[in-house]
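J.: here is a sequence with its predicted model. Questions after.
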Number of protein chains: 2
Amino acid sequence: MAAEQSGGLPKGGAQRGGSGIPGGRRKQRVSMADVAKLAGVSSQTVSRVANGHPNVIEATREHVLRAMRELGYRPNSAARALRYGQFNTIGVILFNLASTGNSRTVEAIATHAAAEGYAITLIPVDIPTQDNVLGAFTRMGELAVDAVIVILEIHLLDAGTVTLPPGVHVVVVDSDAGDRYSVVDTDQADGARRAVHHLLDLGHRTVWHVTGPETSYASQRRTEAWRTALEQAGRPVPPPLHGDWSPDSGYAAGLLLAEEPDCTAVFAANDHMALGLLRAFHERGRPVPGQISVVGFDDIPDAAHFAPPLTTVHQDFTEVGRRCVERVLQQISLGLPGEPGTDLVPTRLITRASTAPPAR
Amino acid sequence: MAAEQSGGLPKGGAQRGGSGIPGGRRKQRVSMADVAKLAGVSSQTVSRVANGHPNVIEATREHVLRAMRELGYRPNSAARALRYGQFNTIGVILFNLASTGNSRTVEAIATHAAAEGYAITLIPVDIPTQDNVLGAFTRMGELAVDAVIVILEIHLLDAGTVTLPPGVHVVVVDSDAGDRYSVVDTDQADGARRAVHHLLDLGHRTVWHVTGPETSYASQRRTEAWRTALEQAGRPVPPPLHGDWSPDSGYAAGLLLAEEPDCTAVFAANDHMALGLLRAFHERGRPVPGQISVVGFDDIPDAAHFAPPLTTVHQDFTEVGRRCVERVLQQISLGLPGEPGTDLVPTRLITRASTAPPAR
DNA sequence: TCGTGCGATGTTTACGTAAACATTGTCGTG
DNA sequence: CACGACAATGTTTACGTAAACATCGCACGA
């Protein structure tokens, strides 16, 4: 009684688009029942064929497969998800995708998840206010996801006593919430230390610093580690200049630093700002690395071609993404909330031509 | 008969993680029935409250809401999707997310889709071989999506007589399939023309060109338009140099071009390669724009800070993403396959310091 | 020759939601 | 005062899938 309209089986190949039938307003696509009817079997047998169960006689299987092809059958994942209570999907909440690190991390997450049969659902948060993040999480609750990877400051969530949807597994990137969540991140402090030590080892008396935005945990960590490294080496700590990741802000900081006669070495919290520094120093006649050395952070592909090629701290975004997926899938399979704890991916320093011993 | 385990209602806030009950292996989360039982109403009433239907008395609504809160009820989107035959999700198939254009387009898509209540599911294709793309589409067929946006060379699909899953709406970016699909893209030809004319207007006799990979339609279009523009102006067409979008390939091309005494103007198919060119010319003592002018394509944020700041063709990725979503949602609401046709987003030339009249 | 066991297939049911229909009860009006 | 209309709520059902259980028939061994 269900149908009455299987008529007009599409002989030709490319019948894309909705049901060609003008009548019924929203007849659901081809279902197992439709296939079953055409093949002259029960829908259960169709299910068995679809899922590769063994106990189906070859001739029957053939019939069913032909009927599937003929009708263009595709399994309905909603029904499947309802049946299994699983979506095979991981949600990714993030603030912005344009930033180098995020897009590369997301790509790695998507790739590794795909390899495990999971899809990725992106939940962008326009402006990382408390409300928006909360909204994303609320929506997330209704979304078809088995787990969530959060790529932003988790404290934005915490401040408002947000209760994460129970039953949703969470892994966090770029945060210090290792005491409550499963955190995977680049070892920011490690990277910053490498940058500072590299410059000190070259003979610089101290290292200036251009920070990222204050709202970024990664930025905070880098700044903190920079300060600590200097203090532990007994060096003076110059006042940090505040940037916002953009090359423009790096350029602005560079214009200021160019006027500091003491400044012989700068550690920029990312490569884009380092680029801005290079330009400012160039314009102000402070040759790099002749008078000033510059170290960046991220190792974007362009960095090797800056003028001069940039010495920078390499982040392994792929590894971060891989570990996120690994952890999340583990949580899903165990059915338990993730162990709190922080999983740090080490960095390495890529030495290029923007650093040198200080001029005498 | 359904439950027997609502016991131990979580008084405290943060009870994340799966059911604390060790017994039952996979009891689905709180359902409307559970809420209904606790609130002492029928599940239909719960549904009414959840969906904001009018005819519910205030006291009842309160009871239901309290029960929801107490149990941490979240609607099951699989059931909902099954009921409605809609997922409120758009799939995005792409080759790589790391490229500037793609990540920004995807971000725009995600943002606009979110504003319309749609989520984005990413389907990455590791290597854009026929098989992989086909696999992505097959998987897509089973995925919970109402429509698909394809950000890669559609001919990868076509060659193998791929039948797109019927009933799935498709919009394509970066392709010439306007005769069969709904295509949204940056007007590559327009951009390339602007670049060439800018250089010719400055007085250059002709313009050399560094291409992107041959597999990229965007790259092909830019090269084609570059050639056509030169021919129409009656200028000689130098042999194009082949790059692959990477700054490395631009650098390699730059080393060759630096040896061409005739070469006074170069149009690079993207900004990253232009950066490579700048470096090569700098290293080889061919000042830009003194001896050679360079124009890029994309207008990445860094471009303004290259040495020298790069004249380039600005792409409006946000607009591309917006139009993709617009088209796709239109297709969904109409329930019809998209009109074939190409929707081109114009570009504009950003003039900076890497171009100048040729040396005399 | 007659079980018996298992392979092949059919039937029933549950997953969570919400439309459609059914059942109350109350209030207003003739 | 009675009846109709409508508001509030309950009951049934379908969405597509697949596990669990039921049935049928054939082949093999005693």
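T.: Cool, the structure landed.
J.: tell me the mean pLDDT over stretch A:171-179?
T.: Averaging pLDDT along stretch A:171-179 gives 79.
J.: if I read this right, A:Ser99 contacts A:Trp245, doesn't it?
T.: Yes - in this structure, A:Ser99 is within contact of A:Trp245 by C-beta atoms under 8 Å, at 6.7 Å. From N, CA and C alone the C-beta is placed, and that goes for glycine too.
J.: which of the two has more neighbours?
T.: Between A:Ser99 and A:Trp245, counted using other C-beta atoms under 10 Å in any protein chain shown, A:Trp245 has the larger neighbour count: 25 against 20.
J.: regarding that one, what is its secondary structure?
T.: coil (DSSP: H, G, I helix; E, B strand; the rest coil).
J.: grab the nearest non-local neighbour of it.
T.: In space, and not counting its chain neighbours, A:Trp245 is closest to A:Gly212: 5.1 Å by C-beta to C-beta, 6 or more residues apart in numbering or on different chains.
J.: phi and psi next, for that neighbour.
T.: As for A:Gly212, its main-chain torsions (degrees, to the nearest 10) stand at phi -90, psi -170.
J.: the residue nearest the centre of chain A: what's it in contact with?
T.: With distances taken as C-alpha atoms, centre = their mean, chain A has A:Val106 as the residue nearest its mean C-alpha position (2.9 Å). Applying C-beta atoms under 8 Å, 6 or more residues apart in numbering or on different chains, we find A:Val106 in contact with A:Val92, A:Leu94, A:Leu97, A:Ile120, A:Leu122, A:Ile151, A:Gly321, B:Leu97, B:Leu122.
J.: what's opposite the second one in the beta bridge?
T.: Looking back up the chat, that one is A:Leu94. A:Pro124, A:Ile151 (DSSP bridges).
J.: quick one: mean pLDDT for the lengthiest helix in chain A?
T.: Longest helix in chain A, counting residues (DSSP state H): helix A:317-334. If you average the pLDDT over helix A:317-334, you get 92.
J.: any part of stretch A:79-95 near DNA strand C?
T.: Yes - contact of stretch A:79-95 with DNA strand C (C-beta under 7 Å from any atom of the strand) involves A:Ala79, A:Leu82, A:Arg83, A:Gly85.
J.: for ChimeraX, write the select line for the buried members of the residues you listed.
T.: To isolate the buried subset of the residues of stretch A:79-95 next to DNA strand C in ChimeraX, counting by 16 or more other C-beta atoms under 10 Å in any protein chain shown, use the following:
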select /A:79,82
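J.: ok, so of the residues of stretch A:79-95 next to DNA strand C, who is nearest chain B?
T.: Taking C-beta to the nearest C-beta as the measure, chain B lies nearest A:Leu82 of the residues of stretch A:79-95 next to DNA strand C, at 4.2 Å.
J.: how close does the closest one get to A:Val49?
T.: Between A:Leu82 and A:Val49 the computed distance is 21 Å (C-beta to C-beta, to the nearest Å).
J.: do A:Pro301 as well
T.: 47 Å.
J.: quickly find the element holding A:Val266.
T.: strand A:265-268 (DSSP states H and E).
J.: return the member of the residues of stretch A:79-95 next to DNA strand C nearest to A:Ala113.
T.: Using C-beta to C-beta, A:Gly85 comes nearest to A:Ala113 of the residues of stretch A:79-95 next to DNA strand C, at 18.9 Å.
J.: let me know whether A:Ala144 touches B:Asn88 as I believe.
T.: No - using C-beta under 8 Å, A:Ala144 makes no contact with B:Asn88, being 9.4 Å away.
J.: tell me where the stretch 51-200 of chain A has strands.
T.: A:89-94, A:119-124, A:147-151, A:169-173, A:182-186 (DSSP state E, counting those that start in this stretch).
J.: what residues are up against the residue nearest to A:Trp245?
T.: A:Gly212 makes contacts with A:Ala218, A:Ser219, A:Arg222, A:Gly243, A:Asp244, A:Trp245, A:Ala269, A:Asn270, A:Met273, as judged by C-beta under 8 Å, 6+ apart.
J.: from memory A:Gly203 sits against A:Thr355, does it?
T.: No - applying C-beta under 8 Å, one finds A:Gly203 not in contact with A:Thr355, separated by 10.7 Å.
J.: helices along chain A, start to end?
T.: A:32-39, A:43-50, A:58-71, A:77-84, A:100-115, A:130-142, A:155-158, A:188-201, A:217-232, A:247-257, A:271-283, A:317-334.
J.: give the contact list for A:Glu214.
T.: A:Gln220, A:His242.
J.: A:Arg222 versus that one, what's the distance?
T.: A:Glu214 is 12 Å from A:Arg222, by C-beta to C-beta.
J.: out of the contacts of A:Gly212, who has the most neighbours?
T.: A:Ala269 leads those on contacts (other C-beta under 10 Å) with 34 neighbours.
J.: mind listing what that one touches?
T.: Neighbour list for A:Ala269: A:His209, A:Val210, A:Thr211, A:Gly212, A:Ser219, A:Arg222, A:Thr223, A:Gly243, A:Trp245, A:Phe297 [criterion: C-beta under 8 Å, 6+ apart].
J.: now the two most distant members of those residues.
T.: Largest pairwise distance in the contacts of A:Ala269, by C-beta to C-beta, is 14.1 Å, between A:His209 and A:Trp245.
J.: which stretches of the stretch 151-300 of chain A have low pLDDT?
T.: Applying pLDDT under 70 to the stretch 151-300 of chain A picks out residues A:153-167.
J.: quick one: name the residues of it near DNA strand C.
T.: Counting by C-beta under 7 Å from any atom of the strand, no residue of the stretch 151-300 of chain A is near DNA strand C.
J.: A:Phe87 reaches B:Ala144, doesn't it?
T.: Yes - assessed by C-beta under 8 Å, A:Phe87 is found in contact with B:Ala144 at 7.3 Å.
J.: which parts of chain A sit against DNA strand D?
T.: Residues of chain A lying close to DNA strand D (C-beta under 7 Å from any atom of the strand) are A:2, A:28-29, A:31-33, A:43-44, A:47, A:50-51, A:75-76, A:79-80, A:82-84.
J.: out of these, which are buried?
T.: Buried members of the residues of chain A next to DNA strand D, counted by 16+ other C-beta under 10 Å: A:Gln28, A:Arg29, A:Ser31, A:Met32, A:Pro75, A:Asn76, A:Ala79, A:Arg80, A:Leu82.
J.: and those near chain B, which?
T.: A:Gln28, A:Arg29, A:Pro75, A:Asn76, A:Ala79, A:Leu82 (C-beta under 8 Å from any C-beta of the partner chain).
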